[in-house]
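>>> Sequence first, then the predicted structure:
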Amino acid sequence: MVAAHTFWRTTVSTTTYETTTPGRALRIGLWSAQALLAFVFVSAGLVKLFTPIPQLAAMMPFAGEYSEAFVRSVALVDLAGGIGILLPALTRILPRLTVLAALGCSALQVFAFVFHVSRGEAATTPLNLVLLALAVFVLWGRERKAPIAPRQF
C-alpha cells in the first residue's frame, strides 16, 4: 500500500512497511539474542584466554593440538564478537558495528562448524548452528527491521 504525505509543500511517497515501527516482540527478541550471544562469546573468549592450555585441552581437545598463539587468537576473536554484538547498540555509539559484529560472529560459526565436522566432533555442531541462527537473526534485525540510531552529540 502506498501512502502520500504532504509536508511543507513537498509530497513524499512511502510504503506501509517503511512507516511502521518494529514490534515490541522483535525488539525484545533482538536484545535477548544480542545479550545471549555476548554472554556466550565473551565467556568462551575469557575461558580460552585465561585457562592454562593443559586444562583447556581437557575441555576443548583442539587446544592441545594447536599452538597456544592460535588458541589465544581465537579467544580474542570471540571477545571482539561478544563485545561488538552488544556494546555499540547498547551505548548507541557507532551502532553499525553491531551489524558488522553479527556478520563476523556468523562467519565464525560457519568456520567453527566446518572445523568441528572435519575433526569428527559432530556432537558440538548443534551449538554452532544455534549461535549461527542467533547471529544471523541479529544481523537481519539490526540491519533491516530495527536498526539502532546513533547517539547525537
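Perfect, thanks for sending it.
>>> hey, let's count contacts and neighbours off CA atoms from now on
Noted.
>>> Buried residues in whichever helix or strand residue 80 is part of, which are they?
Using DSSP states H and E, residue 80 sits in helix 68-91. Neighbour counts using 16 or more other Cα atoms under 10 Å place 71-72, 74-89 of helix 68-91 among the buried residues.
>>> Just list the residues touching the most centrally placed residue in the chain, thanks.
The centroid of the chain falls nearest to residue 102 when counting by Cα atoms, centre = their mean (3.1 Å). For residue 102, the contact set (Cα atoms under 8 Å, 6 or more residues apart in numbering) comprises 81, 84, 85, 135, 136, 138, 139.
>>> Equivalent analysis for residue 125, please.
By Cα under 8 Å, 6+ apart, the contact list for residue 125 reads 113, 116, 117.
>>> Among those residues, which one sits closest to residue 55?
residue 116 (19.6 Å; Cα to Cα).
>>> Relative to residue 125, how far out is that closest one?
Noted for residue 116: a distance of 7 Å to residue 125, by Cα to Cα, to the nearest Å.
>>> cool, and residue 70?
Distance, residue 70 to residue 125, using Cα to Cα: 20 Å.
>>> if we can go back for a sec, quick one: which of the contacts of residue 125 sit in helices?
With DSSP state H as the criterion, helices contain 113, 116, 117 from among those.
>>> tell me the contacts of the first one?
Residues in contact with residue 113 (Cα under 8 Å, 6+ apart) are 125, 128, 129.
>>> can you check the second one too?
Counting by Cα under 8 Å, 6+ apart, residue 116 makes contact with 122, 124, 125.
>>> following the biggest helix by length in the chain, which helix or strand shows up next?
Assignment by DSSP H gives helix 24-50 as the longest helix of the chain. Downstream of helix 24-50, the next assigned helix or strand under DSSP H and E is helix 53-59.
>>> rewinding a little: just give me the closest of the contacts of residue 102 to residue 29.
So of the contacts of residue 102, ranked by how close each gets to residue 29 (Cα to Cα), first place is residue 138, at 8.9 Å.
>>> Give me the neighbour count for the closest one.
By the criterion of other Cα atoms under 10 Å, residue 138 has 29 neighbours.
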